[in-house]
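Visitor: Curious how this folds, go ahead:
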Amino acid sequence: MAVIIIALAPLSSAQAPPASYTVVSRERRGALPVRTFNGQEMFAVDDLARLFTLSVKEDTIAGGLTITVRGQSILLSPNQEIASVAGRLISLPAAPVRDGRAWFVPVDFVPRALAPVAGTPIELRKPSRLILLGDVRMPRVTARIEALGPVARVTFDVAPATPHTVTQDASRLVLRFEADALDASLPASSPVADLVQGVRAEGNVAIALDLGPRYASFRASDVPGTRGNVQVVIEIIAKTTDEPPAPLPTAPAEPPPTFEVTPAGTLRTIVIDPGHGGADEGAKGVAGSSEKTIALSVARRLKASLEARLGVRVILTRDGDMAIGLDERAAVANNNKADLFISLHANASVRPAVRGAEIFFLSLEDYGDEAQRAASAPREALPVFGGGARDIEVVPWRMAQARHIDRSGAFARLVEAALRPRVPLSPRALVQAPLRVLVGANMPAVLVEMGFVTNPEQEAQLLSDAHQSEIVQALSDAVAQFRDARVVATPAPQGASR
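Guide: Numbers count the residues shown, from 1 in each chain. Prediction:
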C-alpha cells in the first residue's frame, strides 16, 4: 500500500487501461494516463508535452517525430526501437506507436530519453507507478513484521536513508520522516496482533504502528545498509507475566557471606558483546561498511533469537554506537553472573582474497605458570543461602578465564560445527589465542570473527539479512547444544596471537 494516493485514469475505451502513473514534484501532483500496445505500457506524447512543456513536430514525409526540450532535440522513427537524444543514440524497449493522430512512447522513454535533456532530475519508479520530478524527497519504505517470542520486530527498509523520529502517541507508535512524501509498501496484516495490530500510513510522511493489548515498551534503532540505505528496527516488547520473587527469609544477625547458586546444566544469562563502537569502528570494508555496525546488527538479532528460543536472559555489552573498554565488556558478563560470553567481530586482511569465519577461545600460553596455578588452584568453601557450602573460585581478574578454558573450547567446537554448513569458514576455523577481551570473563567465552569485510564478496554477505540470519541460527544452535550437553572437550591446538 502506497502512502500517497494514486489516481486512476478515466476509462476511455471498451478495454480498461492500466492504472495511471502519479507524477510528484514539490509543487504538485497529477496523474499521467497509460495505454498498452502489444503488452507494452506507453505514455501519449501529447500528455508528456503538457507535463514537461515539450515542443512536438511530426515529419509527415518521413513519418518521424521531433520532440524539442530546452533547445535540444529527441528524434523518433516509427518501427524503430531507438531514439536520437541530442545526437546520441539510446535504445527503447519498444518502438513508438501511432494510433490515429496520437503518438505513444514506451514508459521507459521518460528516464532514458527525456531525463538527460529535461534540465531537472526525473526518476521513474515502476513498482510504485511513480514519476518524481526535481528534488522531491520521497524515500522508498518497505516494512515487514516478525514474531520473536515475547518481541515483535517491525523492520523498515528505507532507501535512501532519511532523517526520522519514532514517538509514542497513546496506543500507537509514529515513525515520521523528514520528507515530502513516502513511497511505502506496508504489510496488510500482522502475525502478532496482540503486540502490533497493524502498520498503516498516516498522512504523507508518517507511518503508524497500532499497538496491541500485550504491549509494554519499545526500542528503536537504525542499522546502516548498503548504497546509502538504512533499516529502522522497532522492537515491540510484551508485558511480562512472571510472578515477583518470594521475599527472602529473615537472616540471623551478622550472617556470613552468601552466594546464589546456579543449578548445574542450566543457562540463565548470556552476554553478547558487539565488538568495537563509538570512535573505534573496527575493520573497514571496501564498500565502506564498518565492523562495529555489522557486529551490533548481528548481536541484536542473536539476542532476540536466544530470548525467543531458549527463554534465557540476554544482555548486550552495548546496544548503540558507544565506546566500551575491553575489560568493561567482561565486567558486564561477570557482574550479571553470565553463564556464557560471546564476542562478535568482523575480520580484516591486507589480502582481499582472504575470507571465512573463525572462532577463537583463550590461550594461556602468554600468561605462564600463573595461569596454570589459577586453573588448578584449590577453591574456597563459602556458605550458600539455604544451607550448606559451595566451592568458590577466587582468582585474579586477569586469570578469570583460566578455569573455563576446557568448556570454552567445547563451546567453540560447537560453534564451528554449527557454522560450517551455513557460512564460509577460514582454513583455520578454530583458533586458540591470547585475546584480551576474553581474559577477564569468569565463564565459558568465545570470540567469533564472522568473516572478512576486506573481501568484497564477503562484505556484501555480512551486510545482507540472509547471511546474518544464517550466523544467528548457527550460534543459537550451538548455544542450545551447549546448554543440553555441558561437555568438556580435549585441548585445542594453539593459534597465533591476534
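Visitor: Name the residues that touch the helix or strand where Ala201 lies?
Guide: Element membership for Ala201 (DSSP states H and E) is strand 196-202. Contacts with strand 196-202, where a contact means CB atoms under 8 Å, 6 or more residues apart in numbering, come from 1-3, 143, 145, 152, 154, 174, 182, 184, 186-187, 189-190, 207-212, 236. Quick note: C-beta positions are derived from backbone N, CA and C, even for glycine.
Visitor: Repeat that for stretch 84-92.
Guide: Under CB under 8 Å, 6+ apart, the answer for stretch 84-92 is 72-75, 81-83, 105-106, 108-109, 112-113, 116-117.
Visitor: related to what we said a few turns ago, what pairs with the strand holding Ala201, and is each one parallel or antiparallel?
Guide: Sheet pairing of strand 196-202 (DSSP bridges) gives strand 206-211 (antiparallel).
Visitor: Give the buried residues for the strand it pairs with.
Guide: Of the residues in strand 206-211, Ala206, Ile207, Ala208, Leu209, Leu211 count as buried by neighbour count, 16 or more other CB atoms under 10 Å.
Visitor: Check stretch 417-431 too.
Guide: Neighbour count says stretch 417-431 has Ala417, Ala418, Leu419, Arg422, Val423, Pro424, Leu425, Ser426, Ala429, Leu430, Val431 buried, by 16+ other CB under 10 Å.
Visitor: Sitting in strands, which of the residues you listed do you find?
Guide: The strands, defined by DSSP state E, take in Leu425, Ser426, Ala429, Leu430, Val431 from those.
Visitor: so which two of those residues are the farthest from each other?
Guide: Spatial extent of these (CB to CB) is set by the pair Leu425 and Val431 at 11.3 Å.
Visitor: Quick check: neighbours shared by those two?
Guide: Counting by CB under 8 Å, 6+ apart, the common neighbours of Leu425 and Val431 are Glu358.
Visitor: Surely Val314 and Lys303 touch.
Guide: Yes - taking contacts as CB atoms under 8 Å, Val314 lies within contact range of Lys303: 4.5 Å.
Visitor: any idea where the strands of the stretch 201-350 of the chain begin and end?
Guide: Applying DSSP state E, counting those that start in this stretch to the stretch 201-350 of the chain gives strands spanning 206-211, 215-224, 230-238, 269-274, 313-316, 340-347.
Visitor: Of all the ones you listed, which one comes closest to Ser20?
Guide: Between Ser20 and the strands of the stretch 201-350 of the chain, the tightest spacing by CB to CB is seen for strand 206-211, at 24.6 Å.
Visitor: ok and the closest one relative to strand 230-238, angle-wise?
Guide: Inter-element angle recorded for strand 206-211 and strand 230-238: 20 degrees (by axes from the mean of the first three to the mean of the last three CA atoms, to 10 degrees).
Visitor: tell me the average confidence for strand 206-211?
Guide: Averaged across strand 206-211, the pLDDT comes to 95.
Visitor: what's the angle from that strand to strand 215-224?
Guide: 140 degrees.
Visitor: Give me the contact list for strand 206-211.
Guide: So strand 206-211 is contacted by 3, 141, 143, 154, 156, 171-177, 182, 184, 186, 195-202, 234, 236 (CB under 8 Å, 6+ apart).
Visitor: In ChimeraX, how would I select just the buried ones from these?
Guide: What follows is the ChimeraX syntax for the buried subset of the contacts of strand 206-211, where burial is set by 16+ other CB under 10 Å:
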select :3,141,143,154,156,172,173,175,176,177,182,184,186,195,196,197,198,199,200,201,202,234,236
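Visitor: so Arg137 touches Asp183, yeah?
Guide: No - applying CB under 8 Å as the test, Arg137 and Asp183 come out as separate, 10.7 Å apart.
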